[in-house]
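1. With the sequence up front, the predicted model follows.
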Amino acid sequence: MKYLLSSVAVVALALSISSTARAQSEITLLSPDPIKATIEKLLEGFEAKTGTQVKVTYGTGVSTRKTVASGQALDVSLLFAPFAEALKTGNIVPGSATVIARLRLALAVQKGARKPDISTPEAVKRTLLHAKSIISVDPTQGSVGGIALLALEKLGITDQVKAKITWVQNGGLVQDSVAKGETEIALGPYLSDMRNPGLDVVGALPPEASTPVDITGFLSTSVKDSKAAKALLAYLSSHEVAPIYEAAKIFPAH
């Protein structure tokens, strides 16, 4: 009986250690949904390399910033700039800011339509001023709408094109409208998921016309396994994963 109890104790201790190890090897990640497919691929590589499991929660570019601002930052939170409100709350560590990649605004037209010139800021300006109609995501619903607004401001044509822009709830509606010929030009993210078969993506707007948007990762102030969280940020911003970003039409940070 004595040896049986001893054996049971050893097994219980082993299970306890194993459970603790598993708990410590899982971290949480908050990410914007537009880059979900890319993040999933990146996490496969990270988990295989480190043995650390990552539990992901997705939201829109707008909602993820609100999540952090409301005090619900996860171990690592990826945010589309700007994120001043999220920083003010003290839920993320400002010094941990790591740009993992950059997004660019793209212009798309109906499949087979003439592709306008977007090679320079002046060309983009002419294209948008001459367009009959433009569509993008409502800035209150998704980050790409905010990026589009900033581009119009940068080009100095906000007032001139205001009357011909339609703002809709999501990117799917943007793409469908242009694919069906209802709207002439779509302004959306230069991502591989902008792949409606009825669209021709002309390309990413030049940085002088639309400033690239940083995808920035932060550590939570309440992170339990900071070593694993830092390793995740380092991996997501490394040269090693640049080809994965490039395949998704996302621009690596380096």
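-> Everything's here; your move.
2. what stretches of the stretch 51-200 of the chain score poorly on pLDDT?
-> 193 (pLDDT under 70).
3. Phi first, then psi, for T38.
-> Backbone geometry at T38, expressed as degrees, to the nearest 10, gives phi -70, psi -40.
4. which ones are touching it?
-> By CB atoms under 8 Å, 6 or more residues apart in numbering, the residues touching T38 are 192, 244-245, 248, 250. For every residue, glycine as well, the C-beta is placed using N, CA and C.
5. go on, K111?
-> Contacts of K111 (CB under 8 Å, 6+ apart): 179, 197-200.
6. and which of those is nearest K125?
-> D200 (20.6 Å; CB to CB).
7. Any chance of TSV for the contacts of K111, columns neighbour count?
-> Shown next, in TSV, are these (neighbours: other CB atoms under 10 Å):
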residue	neighbour count
A179	19
P197	7
G198	15
L199	20
D200	17
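8. I'd like these as a markdown table, with secondary structure and distance to A209 appended.
-> Shown next, in a markdown table, are the contacts of K111 (DSSP: H, G, I helix; E, B strand; the rest coil; distance: CB to CB, whole Å):
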| residue | secondary structure | distance to A209 |
| --- | --- | --- |
| A179 | helix | 24 |
| P197 | coil | 27 |
| G198 | coil | 25 |
| L199 | strand | 20 |
| D200 | strand | 19 |
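9. quick one: which of those is nearest V62?
-> For the contacts of K111, the nearest to V62 is L199 (23.6 Å; CB to CB).
10. residues touching the closest residue to the closest one other than its chain neighbours, list them.
-> Using CB to CB, 6 or more residues apart in numbering and skipping the chain neighbours, the partner closest in space to L199 is A108 (4.8 Å). Listed by CB under 8 Å, 6+ apart, the contact set of A108 reads 175, 178, 185-186, 188, 194, 199-202.
11. repeat that for 7 Å
-> Contact analysis of A108 by CB atoms under 7 Å, 6 or more residues apart in numbering lists 178, 186, 188, 194, 199-202.
12. From those residues, pick the one nearest K162.
-> Of those, the one sitting nearest to K162 (CB to CB) turns out to be A186, at 17.1 Å.
13. Was I right to think the closest one contacts D176?
-> No - contact criterion CB atoms under 7 Å: A186 and D176 do not qualify, at 9.6 Å.
14. ok, those two, which is more surrounded?
-> A186 (27 against 18; other CB atoms under 10 Å).
15. quick one: A234 and G217, what's the gap?
-> In this view, A234 and G217 are 10 Å apart by CB to CB, to the nearest Å.
16. Do a quick rundown of the helices in the chain.
-> Assigned by DSSP state H, the helices in the chain fall at 2-24, 36-50, 61-69, 84-88, 121-130, 143-155, 158-161, 171-179, 226-236, 242-247.
17. possible to save those helices as CSV with distance to P206?
-> Below are those laid out as CSV (distance: least, CB to CB, whole Å):
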stretch, distance to P206
helix 2-24, 46
helix 36-50, 23
helix 61-69, 22
helix 84-88, 26
helix 121-130, 6
helix 143-155, 10
helix 158-161, 18
helix 171-179, 21
helix 226-236, 26
helix 242-247, 18
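18. For A113, find the nearest of those.
-> The nearest among these, by CB to CB, is helix 171-179 at 8.9 Å.
19. Reformat the contacts of A108 as a markdown table; add distance to K230.
-> Shown next, in a markdown table, are those (distance: CB to CB, whole Å):
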| residue | distance to K230 |
| --- | --- |
| V178 | 42 |
| A186 | 38 |
| G188 | 33 |
| M194 | 32 |
| L199 | 39 |
| D200 | 42 |
| V201 | 36 |
| V202 | 39 |
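20. Show me the two of the residues you listed that sit farthest apart.
-> G188 and D200 (12.6 Å).
21. Could you export the contacts of K111 to a markdown table, including columns for distance to T120?
-> Output for those, formatted as a markdown table (distance: CB to CB, whole Å):
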| residue | distance to T120 |
| --- | --- |
| A179 | 27 |
| P197 | 29 |
| G198 | 27 |
| L199 | 23 |
| D200 | 20 |
